[in-house]
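*Asks:* Just need the structure, nothing else, for what follows:
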Amino acid sequence: MRNKLVLVLLALCAHAGAQQQPLWPDGAPGAERRHNEPEKVENTYVSNIHDPSLTVVRANPRHANGAAVVIVPGGGHRMLVWQNEGMVAARSLNRVGVTAFVLKYRLARDQGSSYGIDTDAAADLRRAVRWVRAHAAEYGVDPHRLGVMGFSAGGELVSLVADNPEPAPPSKPDAIDKQSARPDFQVLVYPGPLGVPAKAVQNAPPAFIVAGSSDKCCMPPALALYQQLNGAGVSAELHLYADTDHAFNMGQRSERLSDVHWPDRLADWLSDGGWLIPHDGKAPQGVPAP
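*Replies:* Next up is the predicted model:
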């Protein structure tokens, strides 16, 4: 319980001092008419998003190892579960030296929305990956150790981007568009079904997948995606937790010890994959070598 409280408090502090960076300063393609329209914030949920952005949550400089993750909160494409699936996840990753970038993306099922999931929302995630690579030096991250992590609806976007064909580039690409949108690794937390079956698994990045065995919505696609990736020879790891349903977040919404500690399994996987150690082989201060 103490660890869960610490993570939530750290996330609240992180939100207070975090930087929010627009992905398209002049407005996202197709959303120009609603550029600068205020977001709606209710409790810890965010909706009415028309200006996609990244909130940068830096790791402690003493511990930062150059790895980076774009976090994609869930919320059924109607809202974003901003605190529990965004900022809490960011602070959890910070503890193992990872710099986090929490994505606000356009919501296809928000009231009155004209956006699409596999078009606009997926385009926001691709742009986010490119944006981080374009600004890697500024934030002290390695553009070749950049992953994506999505919860529920955000997990759908991760699979759509990481495990499916990339659409044609914009007709008038800017400097950011010239960066690769392919993540180096992917983390899917009780992912929704829209990205499964995947259509480009042969070249998919390594995957860490976690879900609850009692989750009727999102356990089946988690299992199906794992089987598909594994069958294609992609390095993939799957954790299905007994007697666990949807939306256990970073473990802070469950009393089951296995659920509470699943972020430790993610940290182990990141270490085993070499994502937490710089390419010079030197572990930063305070971060143990795998």
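
*Asks:* How far away from the center of its chain is stretch 257-274?
*Replies:* 15 Å (CA atoms, centre = their mean, to the nearest Å).

*Asks:* What lies in contact with that stretch?
*Replies:* 3-4, 67, 92, 96, 98, 185, 187, 206, 208, 210, 212, 235, 237, 239, 241-242, 244, 248, 250-252, 254, 276-277, 290 (CB atoms under 8 Å, 6 or more residues apart in numbering). Placement of C-beta: from N, CA and C, glycine included.

*Asks:* 7 Å instead, please
*Replies:* Contacting residues not belonging to stretch 257-274 are listed as 4, 92, 96, 185, 187, 206, 208, 210, 237, 239, 241, 244, 248, 250-251, 254, 276, 290 [CB atoms under 7 Å, 6 or more residues apart in numbering].

*Asks:* Filter these down to the buried ones.
*Replies:* The neighbour count (16 or more other CB atoms under 10 Å) marks 4, 92, 96, 185, 187, 206, 208, 210, 237, 239, 241, 244, 248, 250-251, 254, 276 as buried among those.

*Asks:* buried set for stretch 208-215?
*Replies:* Buried, per 16+ other CB under 10 Å, within stretch 208-215: Phe208, Ile209, Val210, Ala211, Gly212, Asp215.

*Asks:* Residues touching that stretch, excluding its own?
*Replies:* Residues contacting stretch 208-215 (CB under 7 Å, 6+ apart): 187-190, 218-219, 222, 225-226, 236-246, 248, 262, 266, 269.

*Asks:* So what does Val70 have for phi and psi?
*Replies:* Per-residue torsions, Val70: phi -90, psi 120 (degrees, to the nearest 10).

*Asks:* For it, grab the count of nearby residues.
*Replies:* 23 (other CB atoms under 10 Å).

*Asks:* and if you look at Leu80?
*Replies:* 29.
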